[in-house]
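K.L.:
The following block contains a protein sequence and its predicted model.
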Amino acid sequence: MAMLLVLVSLIFLKKFLENNKFRYFQLLGFFLFMFCAVLNKMQVFFLYPFFLILFYSFENKIDDFDTKNFEFLNYRWMPLILIVILFFYIYLPNNSLHPFPFLSAFAIIFYIFIINLFFYLIMKNSSKNITTNLVVINLSLILIFFISKNILMIHPSTHESIFINLTRIMHIAQYVHNTPPVDDSYNMLSFLFSKIFIFGSRIFENMIFKVNIYSVLIVLNILIAIFCRKLITKKIVIFNFLCLLAAIFVIILNSYRLSGYLLPQYYVFSDLFLALSFFNYFKLIKLHHILIILIISFLTNYQTNLQILEGMHINRINTVCSGPYFYDWHPSIDKEYFLNFCNNKSSQ
């Protein structure tokens, strides 16, 4: 579900960069589905910089926003107001009931910086008023955040903890094993950065350098680029290179959850990039080539897929009823009704 929301978000962003008449609504759609994806899976928070990097190989010419009816957006004090709003957005949720407020605030600041840097680099060659455009973009970000949060708060089954993903980084220790004490932000950051090389080497050893679907697709992409170099442009080569690079980095980041190994449900986040790297080759590849690729892909990953499918035969009712997780996250459901339901199912 999180990856589906990411795809919808990126489609809105691509449409926004195409500069058509609905561009403002497409910008809002990008932020809305971006928040929805982060709410669904907090790890997406750390992956978005890699999703955004793919758009730099496109020819994006963004026109300035029409602010003639909103002259206050052009005032010099508007960026300062936005900074104050963002400060409270970062400070308030991280100042209390949080194990590492500095590290969490740093992550949020970096995330907002990446979004602003992305739009700045996109607009710097075509925009006449970058500052006003960034003001509009950040106001849109804040607007969607508050609308999303308030709509969810109205819904009776929404648990308050769900907003942690939008306002602060959750306890990293629950995603990464053997983390240092949470009150030591410096050691936490040092630990996380040092593991990039350790987990990265495990990923290369167990995935990239072994015969499987990932290594086959990477090698195949490189071979097509070499043999068809006269038929493709430099921008296509750069785009494909960024796709492969992003796929590898996404795999490494997701491997933090299992100490350098990848859980099956996280493959989908890197699969997107590998699929996109072949997008520009469709005009070059014949139908029988596609069939050969599908057969090779099936054979190289058959055993792994079979093990995943065989391991999915579990009792879903027992899983839901094994603890308070379900009614903790759905407070509108009566606890007694839930317990009676589980007791009746277990007795059958």
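P.N.:
In hand now; what should we look at?
K.L.:
any idea how the chain splits into domains?
P.N.:
For the chain, whose domains are defined here by automatic domain parsing, the residue ranges read 2-170, 188-310, 316-347.
K.L.:
For Val176, which of the ones you listed is the nearest?
P.N.:
Within the domains of the chain, the stretch nearest Val176 is domain 188-310; the backing value is 4.9 Å (C-beta to C-beta). C-betas here are computed from N, CA, C, even on glycine.
K.L.:
Distance from the chain centre to the closest one, please.
P.N.:
17 Å (C-alpha atoms, centre = their mean, to the nearest Å).
K.L.:
mean confidence for that domain?
P.N.:
For domain 188-310, mean pLDDT rounds to 78.
K.L.:
same check, this time on stretch 336-348
P.N.:
Averaging the model's pLDDT scores along stretch 336-348 yields 74.
K.L.:
Which residue lies closest in space to the residue positioned nearest the centre of the chain, excluding its sequence neighbours?
P.N.:
Central residue of the chain (C-alpha atoms, centre = their mean): Val44, 2.9 Å from the mean position. In space, Val44 comes closest to Ala37 once its chain neighbours are excluded; the distance is 4.7 Å by C-beta to C-beta, 6 or more residues apart in numbering.
K.L.:
so which strand or helix has the one you found?
P.N.:
Element membership of Ala37 [criterion: DSSP states H and E] is helix 23-40.
K.L.:
name the helices or strands packed onto that helix?
P.N.:
helix 2-17, helix 44-53, helix 130-154, helix 164-167 (3 or more C-beta pairs under 8 Å, 6 or more residues apart in numbering; DSSP states H and E).
K.L.:
The same query, at a cut-off of 6 Å, please.
P.N.:
With contacts defined as 3 or more C-beta pairs under 6 Å, 6 or more residues apart in numbering; DSSP states H and E, the secondary structure elements packing on helix 23-40 are helix 2-17, helix 44-53, helix 130-154.
K.L.:
I figured Phe50 hits Leu245, correct?
P.N.:
No - Phe50 is not in contact with Leu245 according to C-beta atoms under 6 Å; the separation is 8.4 Å.
K.L.:
got a pLDDT number for Phe33?
P.N.:
Model confidence at Phe33, given as pLDDT, is 91.
K.L.:
just the one 5 residues further on next, same as before
P.N.:
According to the prediction, Val38 has pLDDT 83.
K.L.:
just Lys41 next, same as before
P.N.:
81.
K.L.:
Met123: neighbouring residues, count only.
P.N.:
The number of residues packed around Met123, counting by other C-beta atoms under 10 Å, is 20.
K.L.:
Phe146 now?
P.N.:
Phe146: 11 surrounding residues under other C-beta under 10 Å.
K.L.:
Same check on Phe227?
P.N.:
Phe227: 10 neighbours (other C-beta under 10 Å).
K.L.:
quick revisit: now the helix holding Ala37: buried residues?
P.N.:
Of the residues in helix 23-40, 23, 26-40 count as buried by neighbour count, 16 or more other C-beta atoms under 10 Å.
K.L.:
re earlier: Phe50 and Leu245 - which one has more neighbours?
P.N.:
More neighbours sit around Phe50 than around the other of Phe50 and Leu245, counting by other C-beta under 10 Å; the figures are 21 against 14.
K.L.:
That one: what's it in contact with?
P.N.:
The contact partners of Phe50, taken as C-beta atoms under 6 Å, 6 or more residues apart in numbering, are 246, 249-250.
K.L.:
Can you tell me which of those residues end up in helices?
P.N.:
Secondary structure assignment by DSSP state H places 246, 249-250 of these in helices.
K.L.:
Adding neighbour count, write those out as JSON lines.
P.N.:
As requested, those are arranged in JSON lines below (neighbours: other C-beta atoms under 10 Å):
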{"residue": "Ala246", "neighbour count": "24"}
{"residue": "Phe249", "neighbour count": "19"}
{"residue": "Val250", "neighbour count": "23"}
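K.L.:
nearest to Ile122, of those residues?
P.N.:
Of all the ones in helices among the contacts of Phe50, Ile122 sits closest to Ala246, with 17.3 Å by C-beta to C-beta.
K.L.:
Format the domains of the chain as CSV; extra columns: distance to Val176.
P.N.:
Compiled in CSV, the domains of the chain are given as follows (distance: least, C-beta to C-beta, whole Å):
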stretch, distance to Val176
domain 2-170, 11
domain 188-310, 5
domain 316-347, 21
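K.L.:
ok so, going back, and the contacts of Phe50 as a markdown table, adding distance to Leu139?
P.N.:
Supplementary listing: these in a markdown table, determined by distance: C-beta to C-beta, whole Å:
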| residue | distance to Leu139 |
| --- | --- |
| Ala246 | 29 |
| Phe249 | 31 |
| Val250 | 30 |
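K.L.:
Tell me the one among those nearest to Asn116.
P.N.:
The shortest gap between Asn116 and any of the contacts of Phe50 belongs to Ala246, at 20.1 Å (C-beta to C-beta).
K.L.:
you'd agree the closest one is up against Phe273?
P.N.:
Yes - with contacts counted by C-beta under 6 Å, Ala246 reaches Phe273, the gap being 4.8 Å.
K.L.:
what ranges do the helices span in the stretch 201-348 of the chain?
P.N.:
Counting by DSSP state H, counting those that start in this stretch, the segments of the stretch 201-348 of the chain that form helices are 213-227, 234-254, 267-276, 287-310, 316-321, 325-329, 335-347.
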